[in-house]
Each structure stands twice: as structure tokens, then as C-alpha cells.
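Peer 1: Structure, please.
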Amino acid sequence: GDASSSTVACDAPSGSVADATDCDDGEASVNPAATEVCDGVDDDCDGTIDDGLATSTWYEDNDGDGYGDASSSTVACDAPAGSVANATDCDDGEASVNPTATEVCDGLDNNCDGSTDREDAWWDTSFPYRILLTVTASGYAVDSPPVLADIDFRGALDDLGDSSAWDSDTLRVVTQACTSGQVELPSQYIEDYVGLLDKVDAADGTAEYGTVAFLADQDGDYATLEPLAAGTIVSIGLYFGGSTAAPAYATDLVATASSLANDVTTATFDEAYGGVLTSLSHDGSASVENQSTSCCGNSFYGGSWDIDPQDGTGDLAVLFDGPVVAALEATGSRSDSQSGYEYSYIYLAFAGRPEIYSKVYQVTDRASTLAHPTDITYGIRPWESRRDNISSGATFTIDSAYLYADASNGTWGSAFAYVAPPAFVIGLANYDPYLIALSNDYSAVGLGTPATLPAGTAYLDHVVQLHLPHAGDFDGDVQDTLFGLTEGVRVAQRAAESR
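Peer 2: Numbering: from 1, shown residues only. Next up, the predicted model:
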């Protein structure tokens, strides 16, 4: 009964009892004999609500994202409506902000890690996958230097548990810094080629493994290149797997069956001269360099200089044609009575950039006797060219270690350097009108003459050279560009991740 409502009588009035221990006479389930249950009520009238039962603290989840507000809580056995068991939301008024949200560039701490708009922010959440690259500039300032990253997309997808085929059309390359607006950079995926500027065979038949090419540019407009200061570190995101194909990037790079050209440099080639370089011009200049009229070199001295690549016909093929990098390959073979070899010159040019690269591979196809009168190593030459239009009265610069050289007449010039030199650098001759590189992957000086190279000897094993036409003298800016491109950027890649 209710202790606050009583009647004195000989017999119990209707609806009355002799007991006054009910603590809620309006609820039949509440009385001293009731069993305490978890309902926020003192069911057994012992003065304690839900005593002896397991309770939890519940937190309001006003934005419905499944994460609660630590500043607004309730203790109860079961979750009140609109509450959750965790208090990890850092903004309970914004459903896109919670510990499992994807960090994007929007001025919010989306994932509640205490930081806003970090450089690992996701560029576009419609892309499920990405690989982050750290690009470190060389020790010299270079305008938007080229970046070539070898990426195993098949391995990346497998690591992510995705067995679907790699779709290169979905690849997007983006600068990660939110402060610059996460700029998309024109890019190119080159299947079956890796190590393009390394001293390796660039052809690789591994499925869904290739090179991602782009420039380390600030605004994504390759018509205007911006300096990348020495030692600068840039975070780049490779996004892929989305449903939106990349746009058709428009750049100034054009490749034909006999030329590589952009708005600043044009290089031409001719199968009648073995496919090697016939002219290299810069900003409307006359040709500053060619291999085709050289009397000698670009191979080895057998019994004479009569079997150089430029001494006969060869084949030219476009390997890839942009929009970021394009390549032509000149191939052929030469022989005489005492020697024979096969050759490949791969020439590369980038959008917006003045330099071209050459990658040289030559291998004997028979036992070949070399007989340069000084030493056979003086007769192995990965590069020999003439610079008739600039070398008269020019200033000639040469590195004491024979790794670079330049000829400049004050108006135009042409610089040379090894990017991936051969094992044995013998010398470098730089005079009017010639540039002659003496180096090889077979022997140091000292074999004497004659000497025989066995069949199958790769005496020039994917040597990479840089050719930089330029205006004016070989001054600080030109030197910095040459040295910076020779050193190249460093690329480190992180494991592929899903959003």
C-alpha cells in the first residue's frame, strides 16, 4: 500500500491493504517484492535505481555518424535514443567528421586526429585507392624537373585485396599539399617500360607494371615551368580505381616517326643515317648538335671508323608519344671483316623541357676485334657529335672527371652529361666542332690493341646521356639545370592504401 494514503477501520476498505511499503502505488510492477530490472526505476523499493545491474555511459550522437559527444552523456543499462557507447567524435554537429572519416582538404579535422588538412589528405573520395610518393629535388634548382616513378600496380591491387584488372585510364597524379589546392598534374602511364633513365634494360614485360611520368610542377600547366628549389620535398598522390577516366591532357610535346619536339626544343632523326640524331635546335636556333655528320664514333673502332651507326641505314620506331614523355628508338646492325654489333639508341623528350636524353645499348653479335691504335678503349664511344653552328669561337667547358662538357658561343650552346655513366669513363674530348665521349662497360684502359671482344659482349650497356641545348653561356642557371637533371629527383613510394 501507499503510506501517504491510509484509512483507520475495523475491516479493510475496498482497494486497501495492511502494508504501507509500496514506493510507487501507480505502477503495479514496482513494490518491495518486485525484481529489480534495468529500466531506470527503483523496482524493488530499496531506494536505489537499477542497483546490482550492469549500466553503461552513453553519449549523444547528434549528427548520426555513430560517434558520440564526450560532453553530453547518460548512465543507463541500454542506449537512450540518439546515443552511442563511444565518445570519440570531435565535432558532433558534422556527420563528415569522426575518427573513421577520410581526411580531405576542407579546413576541418575530418578524422579527429588533432590536425587539419594534412599532406595525406585524400584528393577525391570517389577514388578508392592511392599510392603516395615523396619526391625530393636534387641539390640544384631546376624548373619543373621530370619525374619517372616505376609502379607495380598489379602488386598494389593484390595487396589491397582487389583482383580486378588495372585500368590505367583511371590514374590521376595530384600534388598533396592542401595549401596549394591539391593540383592535378598531367601524367602518363607507360606499360612495359621501367627504369627509363636508369642503367638497365627499360623494356619489361611484367603485366600491369610500368612508369608513371609527370613534371614536378606547381600549377599543372607545363607551358610555364616553375623552379623547384634544391632539396625541396614534395608529396604526390597517385589516385586510381575510380569510375572517372583521366582527361586527355594537352601539352606541347609532339612525336613523329623522325622527330621529338615541344615549344622549346626540336630534335630530328633520319633512318638514312642509322636513325641517329640529325639536328637539335632550341628556341628557333639553328641546329646546335648532330651525330649524323660525325666522321667517327657512336660505336667502336674495329679496323676503321666505317661501321658507325651513321654510316648506313637503320630503323626508327616511336616507343611512346606523350603527352608527358615521348621516345624514339633507332636500331640497326653494322659489321666488317673483323667485327660486328647491334645497336639501340633510345631518345626521350619531355613536355615543356629543353633537354633530350639518349640511352645507348650496343652488343657484339660475333667475336669482334677492336684495333684503335692507342688502346681499344679509346675506340669505344657512346656519343660523338658535331656542333658546327656554334663551335667556331666558342668557349669549351669540360669536367676533369669527364662526366660533362659544354660548348657555347655566347648566343647558343649545347651541354652534355652522363645521367647513368658506363663502368669505365676513359675521356671526353670537347673542341671545334666535336664532342667525343670515350667510355664503355667492358674494360678500363690497358688492354692494348688489338683485342677481341667475345660475341654477346654488351660493351655499352644502357648508358644514359643528357643533351641540353641552351641560350647564352654556360652560366649558373644552365649549370644548375645540367647538374640538377644529371642528379635527378629521388622518388620514394609508400604502400598502396584504400580510402
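
Peer 1: Quick check: end-to-end length of stretch 379-396?
Peer 2: 22 Å (CA to CA, to the nearest Å).

Peer 1: Would you mark the buried spots in the least confident helix or strand in the chain by mean pLDDT?
Peer 2: Every helix and strand of the chain was ranked by mean pLDDT, DSSP states H and E. The lowest is strand 73-76, at a mean of 85. Applying a neighbour-count criterion of 16 or more other CB atoms under 10 Å, the buried positions in strand 73-76 are 73, 76. C-beta here means a position set from N, CA and C on the backbone, and glycine is covered the same way.

Peer 1: tell me which element the nearest residue to Ala496 once chain neighbours are set aside falls in.
Peer 2: If the residues on either side of it in the chain are set aside, Ala496 comes closest to Ala156, at 3.7 Å by CB to CB, 6 or more residues apart in numbering. Element membership of Ala156, judged by DSSP states H and E, is helix 153-159.

Peer 1: residues in contact with that helix?
Peer 2: By CB atoms under 8 Å, 6 or more residues apart in numbering, the surrounding residues in contact with helix 153-159 are 129, 131, 163-164, 166, 168, 206-210, 240-241, 495-496.

Peer 1: Spit out the contact partners of Val318.
Peer 2: Residues near Val318 by CB under 8 Å, 6+ apart: 255-257, 326-328.

Peer 1: try Phe396
Peer 2: Each residue near Phe396 by CB under 8 Å, 6+ apart is listed here: 405-407, 430-432.

Peer 1: Compare the residues you listed and tell me which is most surrounded.
Peer 2: The residue in these with the most neighbours, by other CB atoms under 10 Å, is Ala407 (26 neighbours).

Peer 1: residues in contact with that residue?
Peer 2: Ala407 is in contact with 387, 390-391, 394-397, 413-414, 430, 435, counting by CB under 8 Å, 6+ apart.

Peer 1: can you rerun that using 10 Å?
Peer 2: Ala407 sits next to 288-289, 387, 390-391, 394-398, 413-416, 430-435, 474 when contact means CB atoms under 10 Å, 6 or more residues apart in numbering.

Peer 1: are any of these buried, and which?
Peer 2: The buried subset of these - by 16+ other CB under 10 Å - is 288-289, 387, 390-391, 394, 396-398, 413-416, 430, 433-435, 474.

Peer 1: now Cys77, nearest residue through space, not along the chain?
Peer 2: Once flanking residues are discounted, Cys77 sits nearest to Cys38: 3.2 Å by CB to CB, 6+ apart.

Peer 1: Same question for Ser258.
Peer 2: Nearest in space to Ser258, with sequence neighbours left out and distances taken as CB to CB, 6+ apart, is Phe269 at 5.2 Å.

Peer 1: returning to that earlier point: tell me which of the buried ones among the contacts of Ala407 fall in helices.
Peer 2: When DSSP state H defines the helices, the subset of the buried ones among the contacts of Ala407 inside them is 390-391.

Peer 1: Okay, now the unreliable bits of this structure?
Peer 2: Along the chain, the model assigns pLDDT under 70 to residues 1, 15, 17.

Peer 1: ok, longest helix in the chain?
Peer 2: helix 476-487.

Peer 1: Provide the contact partners of it at residue level.
Peer 2: So helix 476-487 is contacted by 137-143, 145-146, 197, 227-228, 230, 353-355, 357, 397, 403-406, 408, 413, 415-421, 464-466, 468, 470-474 (CB under 10 Å, 6+ apart).
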